[in-house]
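# Sequence and computational prediction follow.
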Amino acid sequence: MREEIIVRVGAKILAPFIITFALYVHFHGDYSPGGGFQAGVILAAAFALLALVYGLDEVQRVLPPRFVRGCAALGVLIFAGAGVATMALGHGYLAYNAFAYDPAHPEGGQHYGILLVELGVLVTVFGVMVSVFYLFAGRGRREDPQ
Amino acid sequence: MLLTLLAATAFGLVRVRNLFAVVMLAGVYSLLSAGLFTVMDAVDVAFTEAAVGAGISTVLFLGALALCGTRESKPVHTPILPLFVVCLTGIALVYGTMDMPPFGDASNPVHHHVADHYLEESEHEIGIPNVVTSVLASYRGYDTMGETTVVFAAAVGVMILLARGRRRTREDAPGEGSASPPTGGRSTRETPR
Amino acid sequence: MIPVAANPLAQSLAAQLQIAQNLVSHYNYWVVIVLMMVGFHILIARGNLIRKIVGLNVFQTSVFMLYISLGKISGGTPPILAGGVGHGETDAHGAAEGAHQAAEVLYSNPLPHVLILTAIVVGIATTSVGLALAVRIREAYGTIEEEEINAIEAEAGA
């Protein structure tokens, strides 16, 4: 597929939009369907598309396997860390009211809390999906020439 | 009607012999079920199902197929016994649904425990319109954290299973850290065998 | 409603109507069961490991559908509050009294949606573990057919 110019150009044009869409899905998840899970999957799909069209090596140069593996762990850390942060601010674990800047409206903090943990979910899901994809695809290619 | 289409696809899954076609049908099946979720008001779920089921999952299945081959041998056993077991289980389950409340009735018990609270109070307590998100991330934050951890654990499992071959000869790959960008990754990929 | 209760004929008619409605209303559950059984059949009748995983996925999706069916309310809308954002209460009819709002706009139950949303992602993660296992089995045995693996195992044991 690497010689197909339409596919190559198409993928190149599409990928930024898919990535932007993923971010939109994440940050607009409070108001419309969407959230960290979907955004992570869509983001991973963008890179899977690029890898399918341009080959694994090209994508791994941008996004080294080590980095995505780190992402997978980092996301869980963000999520759990959000809980610890609320505890440090004197509230319960994962009680986002702690993040409120205006004490009169404690629910204001929920917004940031939700965005934060959803970011954790996004990073984890993205890291997991891409690294799993790398593993399957990388293994396949290694065996092809044999 | 979507349901019927879905059932048809599912039967196709049983009949088709080529695994490649099976995987593609599974993608179609996922997409159809995403449509069904939309019809049943679960837009978030539909979104996820469309992205996961029809997108990533198909790619992963294809990746696995590339490794395992698309050939499927003919079943050796007659399918009578499994069919019998399946029918029996199905009848038992249908008998079970007789006690279920009617579909779509707002007075069903499932709607009157915590769901009311979520719908009514979410606006004050959380302050965002998408109740699914507020339940997901706030009311049931522990749940979601556990599930994120499960996803992570699954990835670790896949890494343990699949990254191993790469390190079969330990001396030439001191930790997989050497799989760092272009040259390292390429060299380790060629070493084992 | 009250005159219906008074009239026995109308009452029995209503009861019959209820039964018919039950049949229609359970159609959803039954299709879910059919799908579940199709997945189950693939799972137990086929020897190919990848096919088994596909069957497991079909099974899983049918369970998702059952949950979502439970959450659906006829005439409801997706559980995204129509009143707008937060504590502003911009809409006059909005959440001045939160208890009444759910009655004004009928929302489907968000709880199953949340459960299934996460379950889907967890499902794909576990599916990938299954596929990874299949790949490893293929590398170890050279096949992913259950019967052939059993034969190889029997030979090795004998």
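Happy to help now that I have it.

# looking at chain C, which residue lies furthest from center?
Distance from the C-alpha centroid of chain C, by Cα atoms, centre = their mean, peaks at C:A158 (45.4 Å).

# Show the contacting residues for B:R140.
B:R140 makes contacts with C:V114, as judged by Cβ atoms under 8 Å, 6 or more residues apart in numbering or on different chains. To be clear about C-beta, it is placed using only N, CA and C from the backbone, and glycine gets the same treatment.

# can you pull the contacts of the residue lying closest to B:L13 once chain neighbours are set aside?
Spatial nearest neighbour of B:L13, chain neighbours left out: B:L25 (5.2 Å); criterion: Cβ to Cβ, 6 or more residues apart in numbering or on different chains. Going by Cβ under 8 Å, 6+ apart, B:L25 touches B:T9, B:G12, B:L13, B:V16.

# Tell me how far B:L25 lies from B:T78.
According to Cβ to Cβ, to the nearest Å, B:L25 stands 24 Å off from B:T78.

# B:V14 now?
15 Å.

# Which residue of those two possesses the greater neighbour count?
B:V14 (18 against 9; other Cβ atoms under 10 Å in any protein chain shown).

# hang on, isn't that one packed against C:I42?
Yes. With contact defined as Cβ atoms under 8 Å, B:V14 reaches C:I42; the gap is 5.9 Å.

# Ignoring the adjacent residues along the chain, who's closest to C:I137?
Nearest residue to C:I137 in three dimensions, chain neighbours excluded: C:I144, at 6.0 Å (Cβ to Cβ, 6+ apart).

# Now that neighbour, what are its backbone angles?
The phi and psi values for C:I144, taken as degrees, to the nearest 10, are phi -120, psi 20.

# Report how many residues lie close to it.
Close neighbours of C:I144, defined as other Cβ under 10 Å, add up to 28.

# The one 4 residues further on too?
The burial metric for C:E148, expressed as a neighbour count using other Cβ under 10 Å, is 15.

# right, and C:L56 touches C:F40 too?
No. Using Cβ under 8 Å, C:L56 is not in contact with C:F40; the gap is 9.3 Å.

# More neighbours: the two, which one.
Between C:L56 and C:F40, counted using other Cβ under 10 Å, the more crowded position is C:F40 (21 against 18).

# Please, which helix or strand holds that one?
Following DSSP states H and E, the helix or strand that holds C:F40 is helix C:8-45.

# just checking, next helix/strand downstream of that helix?
According to DSSP H and E, the helix or strand after helix C:8-45 is helix C:49-71.

# helices or strands up against that next one?
The contact analysis (3 or more Cβ pairs under 8 Å, 6 or more residues apart in numbering or on different chains; DSSP states H and E) places helix C:49-71 against helix B:2-15, helix B:19-39, helix B:43-51, helix B:57-68, helix C:8-45, helix C:110-141.

# of all these, which gets the most neighbours per residue?
helix B:43-51 (a mean of 27; mean count of other Cβ atoms under 10 Å in any protein chain shown).

# mind checking which helix or strand of the chain has the lowest mean pLDDT?
By default, I'm working from chain A. Scoring the helices and strands of chain A by mean pLDDT, DSSP states H and E places helix A:108-143 at the bottom, with a mean of 81.

# hm, I was asking about chain C
Per mean pLDDT, DSSP H and E, bottom of the list for chain C is helix C:98-104, a mean of 46.

# OK, contacts around the residue of chain A found nearest chain B?
Ranked by Cβ to the nearest Cβ, the top residue of chain A for proximity to chain B is A:F136, at 3.4 Å. For A:F136, the contact set (Cβ under 8 Å, 6+ apart) comprises B:L60, B:G63, B:A64, B:L67, B:L162, C:S128, C:L131, C:A132, C:V135.

# tell me the two of those that are most distant?
B:L67 and C:S128 (12.8 Å; Cβ to Cβ).

# So, low pLDDT: which residues of chain B?
Along chain B, the parts satisfying pLDDT under 70 run over B:1-3, B:70, B:72-77, B:104, B:106, B:110, B:113, B:115, B:121-127, B:164-193.

# Pull up the residues of chain C that are close to chain A.
C:78, C:80, C:85-87, C:117-118, C:120-121, C:124-125, C:128, C:131-132, C:135 (Cβ under 8 Å from any Cβ of the partner chain).

# Swap in 7 Å and give it another go.
C:I80, C:H87, C:L117, C:T118, C:V121, C:A125, C:S128, C:V135 (Cβ under 7 Å from any Cβ of the partner chain).

# dump the residue contacts of the closest residue to C:S128 other than its chain neighbours.
Of all residues not flanking C:S128 in the chain, A:V132 sits nearest, at 4.7 Å (Cβ to Cβ, 6+ apart). Counting by Cβ atoms under 7 Å, 6 or more residues apart in numbering or on different chains, A:V132 touches B:L60, B:A155, B:V158, C:S128.

# What helix or strand is the second one located in?
In this case it means B:A155. Counting by DSSP H and E, B:A155 is part of helix B:141-162.

# Quick one: work out the angle between that helix and helix B:57-68.
20 degrees (axes from the mean of the first three to the mean of the last three Cα atoms, to 10 degrees).

# by contact count, what packs against helix B:141-162?
With contacts defined as 3 or more Cβ pairs under 7 Å, 6 or more residues apart in numbering or on different chains; DSSP states H and E, helix B:141-162 has these neighbours: helix A:65-88, helix A:108-143, helix C:110-141.

# in it, what's buried?
Buried residues in helix B:141-162, counted by 16 or more other Cβ atoms under 10 Å in any protein chain shown: B:141, B:144-145, B:147-149, B:151-159, B:161-162.

# count of residues packed around B:I80?
Counted with other Cβ under 10 Å, the neighbours of B:I80 add up to 9.

# Centre-most residue in chain B?
Centre-most residue of chain B, counting by Cα atoms, centre = their mean: B:G53, 6.1 Å.

# Assign a three-state SS to that one, would you?
Recorded secondary structure, B:G53: helix (DSSP: H, G, I helix; E, B strand; the rest coil).

# hang on, isn't it packed against B:L32?
No. With contacts counted by Cβ atoms under 7 Å, B:G53 stays clear of B:L32, the gap being 9.6 Å.

# now the least confident helix or strand of chain A and helix C:110-141, what's the angle there?
Going by the same axes, to 10 degrees, helix A:108-143 makes 20 degrees with helix C:110-141.

# Which residue does chain B have closest to chain A?
Closest point on chain B to chain A, by Cβ to the nearest Cβ, is B:G63, at 3.4 Å.

# My understanding was that that residue contacts A:L135; is that so?
No. In this structure, B:G63 is not within contact of A:L135 by Cβ under 7 Å, at 8.6 Å.

# overlap in contacts of those two?
Common neighbours of B:G63 and A:L135, using Cβ under 7 Å, 6+ apart, do not exist here.

# Quick check: the residue nearest to C:I137 touching B:L65?
No. Using Cβ under 7 Å, C:I144 is not in contact with B:L65; the gap is 10.0 Å.

# Need the overlap of contacts for the two.
Joint contacts of C:I144 and B:L65 (Cβ under 7 Å, 6+ apart) are C:I50.

# Pull the contacting residues for C:V135.
Shown in contact with C:V135 (Cβ under 7 Å, 6+ apart): A:R139, B:A64, B:L67, B:C68, B:L162.

# okay if I get the residues you listed as CSV plus distance to B:F103?
Converted to CSV, the contacts of C:V135 look like this (distance: Cβ to Cβ, whole Å):
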residue, distance to B:F103
A:R139, 45
B:A64, 36
B:L67, 42
B:C68, 40
B:L162, 42
